[in-house]
Structure formats: C-alpha cells, structure tokens
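Visitor: here's my sequence, what's the structure:
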Amino acid sequence: MADSRTSFSNGSPITKIAQDHLFTILLLLPIDSIVAFAMSCKKFRVLATSDALWESICRRDWGPTSVDALKSSNHYQNQMPWMRLYKQFSQLDSVSCYKLSDTDAKIEFPDPRASHSLNFVSDCLVLFGGGYEGGRHLDDTWVAYIGNDCQRKLKWQKLNSGIPSGRFGHSCVVIGELLVVFGGIDDHGNRMNDTWIGQLSCHETLGITLSWKLLDVGSIVPPHRGAHAACCIGARKMAVHGGIGLNGFRLGDMWVLELSENSCFGTWQEGKSNEWEVPRKVGNCKIKGKVVLADLTKVHNGFNVLQEQGKGAKICALPCENPECSTLIFITFVYGLNTIEERKELWSGMSKLQMPIKPWLIVGDFITIYNYDDKLGGKAVNSLEIDDFTAWIAQSQVAMLKRVGSKFTWCNKQDGGDRVYSKIDHAFSN
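Guide: Sure thing, here's the model as predicted:
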C-alpha cells in the first residue's frame, strides 16, 4: 500500500504550481499566512524562508527606497538574512507590559488618588500630590527606583519636604533632569499659578532625596488655573495650555516657560495665534518636538473637532503650525462606519470641513474602498460603495497621496477562497 502522505502530496494541485507563481502568491499574503505556508512541508519551507522572498516582503512592507538604501550601505556585506532582519524590525513596535505587584504589606505605599502627577526622571518614578476622598488635596511626594530592572516590584519611599503645597489638577513635566510643577487646585477650590522645580539626587548614605524650590519667574505669570495641559519643548521650555481658571472659567490661552541656563530663574511668555482661535480645555501630546493640541469643543468656525457622526464615525481635525517656517497645516483624522447609509453622515460632516487654506491633509480608516481595484476577493464591488466617496473627493478638490508598502490595509484572515483583501485606509491632500 502506498504511503498516504506521498499520494496526497503528488495529488495536491498546489504542488504543481511553478515556484515563481507561488512566489507571487506569497507576496500577496500577510506574514502569518506565509509562516503557516512554510510549516506545511519541507519543499514549501525552503521557498517561504528564502532570502529572495523576504527581501521582496521587506520591499513590500517598508518600501523600495528603504531596502535599496540598506543594500547600498557599507554594512550590507555583513547583513543578516532578510527574514531575521524583518523579525527584528517588527519587534521594534512591540512593548512588554506586566503588572507591578504590591510590596511587603509592612512597607508604606501611596494612598489611592486622582489628578496627581507621575513622572519618570533619573531612573525613578516620582509621584506628587493629587486628590483624595472627599475632595481633599494631598501634599505628599513618593519616589520609587526603577533602574534597568525593577524585578516587577515597586519599593516606594515617602519624601517629607512640605513643599510644594498640596494640590491636584496641577501639571508636572520633566525638563532635562528637573521636575517642573505649575498651578493646580487645593481642597478649598483655590487655583494656583506658582512654578516649582525639583531635582532628584541619589546618595549612598541618604538614599533618594528630592529638593524643591519656588522658581523666580518675575512679574509676568499665567493666570491661576488647574486641570490644564502641559508638556516640555526642547531642552529648557515648557508649554501650558487651557485649564480651569478662577470662578470655573475655562481658559483657552497658551503660555511658554523658558528656564535660564542654570535653572535659577524662568521667564513666562504668552503665546499668540494670528489665524486660529486656540481651543479651550484641550488634551495634548508632543511628537518629535512639535506640540499637538486636540480640542474637545471647537476649533474653527464652530465646528466640533472631536465629533461623532451617526453611531460612532469620528472626525478629528486640528490646526498645526511648524514654528520653523510658520506654515499652518490643517490635519483631519477620520474613522468611518461599516454601512453605506451610516457613512452618508460621515461625508456630510467632512464636507463642512472644507478649509480655504493649504495645505490640508486628510488621513484615516474610512472603512470603505475608493475604487474597484482596492478590493481583492469576496463579493464584487457595488458602485454604491464608492459613489459617495468619489463625489466627496471631487467636491473637496483633494488628491490621493501615494503610499509605499503593501497596497491592501485590511484582511478578513479567512482561509482559501474566503480570504478578502481591501484598502480602506487612505490619505488625501490639496
């Protein structure tokens, strides 16, 4: 009786496909499918792990420019195989998270709190202030050494300094090796506008110490506030924006603090915006030295910046200015919905966003294709799926931006003929 595995292998149509055709098919598959294909038999493993295939995969996912630059570098002769290189690069976006266990019950640790600050500086976590039950503020400072290996346990140490005064809703940012605290609210509802700097030190005998001092900032200071946003800019600056001022008034101003070279004093300066009303009560982040402010109320001509369309489609729009060349760019982020009818409200909301400025960048997950070539597999494309999209493109006078890497951005991860690829993430500009 013949070996069943041999009979199956000889009779399987896929084994009769030419290797160059299999090569082309593999380049259309996601990584997990290529790995599964390699595990099916020795013959396929040789192809699916070949250096030629993985160089092409790198070109597909990273773009040809990156691969060509790598090949032309002086280190290319000693380069590791493309499959291994791809694996290492894919792990750069990964993060390992684990829960830090409580320390010995006999050791002190911080009380539960909210609206506090928690920063990482000089290999330590520094926790300051916050609000406790009943609206009471806290004025304690806690430090936990992390280093390179905290062994999944935190050993908190309480530092008794008495300053700054107790508060919550304050901001605390790291500038170099310094902590900079501004503003906040006490348990009587009083808003503050004082500025403190703290410096952490580690001594062999004294252990960890934190010294605070009230920063001399002169007579020009921001109005009192709490629950504001703040972040560092560059090596010696901190930006403060919005918040809740006196009598519960929501602020929309921006201030920048610049520390002197020796950090003995600082200078506050109010920021100005010539073309845009700076939104009140914002969140913030910093990307490569640029500050991004995302409004939760309005930003331009009364349009809701973070607006829900229908049952969950979202349009987030914000102006960003490059301080190096004073160029204002309007960026719109989109997250669509699944049905044609639900997306009609999306297109209506997008039409209200047409701005008389250039450049305007629109990016996001539209959850719909733009043309017939944006889908591979599954049911045939209905023209109704793309009519509203193409109409909005024509009306807005924007053009699709070219992309590198894989054409398709979504896959249903089904097997065989049930697998569907589509391009539903798009970027446009005027």
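Visitor: for Ser73, see how far away Val67 is.
Guide: Distance, Val67 to Ser73, by CB to CB, to the nearest Å: 11 Å. Placement of C-beta: from N, CA and C, glycine included.
Visitor: wait, I meant Ala18
Guide: 34 Å.
Visitor: coming back round to it: who's more crowded, Val67 and Ser73?
Guide: Val67 (18 against 10; other CB atoms under 10 Å).
Visitor: isn't that one right next to Asp61, touching?
Guide: No: contact criterion CB atoms under 8 Å: Val67 and Asp61 do not qualify, at 9.8 Å.
Visitor: please enumerate the helices of the stretch 51-200 of the chain.
Guide: Using DSSP state H, counting those that start in this stretch, the helices found in the stretch 51-200 of the chain span residues 51-62, 64-72, 82-90.
Visitor: just put those in JSON lines and tack on mean pLDDT and distance to Asn262.
Guide: Below are the helices of the stretch 51-200 of the chain laid out as JSON lines (pLDDT from 0 to 100; distance: least, CB to CB, whole Å):
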{"stretch": "helix 51-62", "mean pLDDT": "89", "distance to Asn262": "45"}
{"stretch": "helix 64-72", "mean pLDDT": "81", "distance to Asn262": "43"}
{"stretch": "helix 82-90", "mean pLDDT": "84", "distance to Asn262": "42"}
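Visitor: for Gly364, find the nearest of these.
Guide: Closest approach to Gly364 among the helices of the stretch 51-200 of the chain (CB to CB): helix 51-62, 20.2 Å.
Visitor: buried stuff in the closest one?
Guide: Under the neighbour-count criterion of 16 or more other CB atoms under 10 Å, helix 51-62 has 53-61 buried.
Visitor: what separates that helix from the chain centre, distance-wise?
Guide: In terms of CA atoms, centre = their mean, to the nearest Å, the centre of helix 51-62 is found 27 Å from the chain centre.
Visitor: all further residue positions should be reported with the first residue as 323.
Guide: With the count now opening at 323, the last piece we talked about shows up as helix 373-384.
Visitor: that one packs against which elements?
Guide: helix 341-348, helix 353-360, helix 386-394, helix 404-412 (3 or more CB pairs under 8 Å, 6 or more residues apart in numbering; DSSP states H and E).
Visitor: hmm, who's touching that helix?
Guide: Identification of contacts with helix 373-384 by CB atoms under 8 Å, 6 or more residues apart in numbering yields 345, 348-349, 353, 356, 369, 388-389, 403-405, 407-408, 411, 726-728.
Visitor: buried ones only from those, please, as a ChimeraX command.
Guide: This is the ChimeraX syntax for the buried subset of the contacts of helix 373-384, where burial follows 16+ other CB under 10 Å:
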select :345,348,356,369,389,404,405,407,408
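Visitor: quick one: which of the buried residues of helix 373-384 is nearest to Tyr692?
Guide: Among the buried residues of helix 373-384, and counting by CB to CB, the member closest to Tyr692 is Arg382, at 20.2 Å.
Visitor: gap between that closest one and Gln736?
Guide: Counting by CB to CB, the gap from Arg382 to Gln736 is 21 Å.
Visitor: same question, Lys701
Guide: 13 Å.
Visitor: neighbour-wise, which of these two wins?
Guide: Gln736 (11 against 7).
Visitor: so where does that one fall, helix or strand?
Guide: Using DSSP states H and E, Gln736 sits in no helix or strand.
Visitor: does it touch Ser355 like I think?
Guide: No: using CB under 8 Å, Gln736 is not in contact with Ser355; the gap is 10.4 Å.
Visitor: ok, Leu698 to Ile353 distance?
Guide: 17 Å.
Visitor: so what's the residue lying closest to Leu500 once chain neighbours are set aside bridging to?
Guide: Nearest in space to Leu500, with sequence neighbours left out and distances taken as CB to CB, 6 or more residues apart in numbering, is Ile519 at 5.2 Å. Bridge pairing for Ile519 (DSSP bridges) gives the partners Val502, Lys535.
Visitor: who's in contact with Ile519?
Guide: Here Ile519 is in contact with 500-503, 534-535, 537, 581, 585 (CB under 8 Å, 6+ apart).
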